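Participant: Build the 3D model from these lines:
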Amino acid sequence: QVHVVESGGGLVQAGSSLRLSCAASGRTFSGYHVGWSRQAPGKEREFVAAISWPFGNTDYADSVKGRFTLSRDNAKNTVYLQMNSLKPEDTAIYYCAASGLFENLIKLDPTIHWGQGTQVTVSS
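Facilitator: You can find the predicted model right below:
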């Protein structure tokens, strides 16, 4: 199991950008796919994006396609979620996780261990 630490959240205005980081702790991301989910107050967790190992193939939720971009820096054991053109509805706690199964990240399999999360707040 790869433990993760998320960072980079904050309070921004609509239309702004943020870059979230997901760093591996204790071991590397080598061999693992990495995904992001988010949960807004009073709502269920939803899939945001995932990036595969080793080729870096990506999948995005329709709500963020064209605005969010995933990348991974294997040397730094870090995955980045670049979020552009942020909207108030993007406000949520963002979580990342690593999994040996790409589809488990997309379907939010209950065996996935998400990190502590980082708060993103977008004001209108």
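
Participant: contacting residues for the nearest residue to Asn57 once chain neighbours are set aside?
Facilitator: Counting by C-beta to C-beta, 6 or more residues apart in numbering, Ile51 is the residue found nearest to Asn57 once chain neighbours are left out, at 7.2 Å. No exception for glycine: its C-beta is placed from N, CA and C like everyone else's. In this structure, Ile51 makes contact with His33, Val34, Gly35, Asn57, Thr58, Leu70, Ser71, Arg72, Val79, judged by C-beta atoms under 8 Å, 6 or more residues apart in numbering.

Participant: Give me the buried entries from those residues.
Facilitator: Burial by neighbour count, judged by 16 or more other C-beta atoms under 10 Å, picks out His33, Val34, Gly35, Leu70, Arg72, Val79 from the contacts of Ile51.

Participant: How about the fifth one: which residues does it bridge to?
Facilitator: Yep, that's Arg72 we're talking about. Val79 (DSSP bridges).

Participant: What is the end-to-end distance of stretch 8-17?
Facilitator: Its start and end residues considered, stretch 8-17 measures 11 Å (C-alpha to C-alpha, to the nearest Å).

Participant: Find the centremost residue of this protein, please.
Facilitator: Central residue of the chain (C-alpha atoms, centre = their mean): Trp36, 2.6 Å from the mean position.

Participant: secondary structure class for that residue?
Facilitator: strand (DSSP: H, G, I helix; E, B strand; the rest coil).

Participant: Now do the same contact list for it.
Facilitator: Neighbours of Trp36 in contact, by C-beta under 8 Å, 6+ apart: Leu20, Cys22, Val48, Ala49, Ala50, Leu70, Leu81, Tyr94, Tyr95, Cys96.

Participant: ok, it to Ser25 distance?
Facilitator: With the distance defined as C-beta to C-beta, to the nearest Å, Trp36 ends up 16 Å from Ser25.

Participant: Lovely, talk soon.
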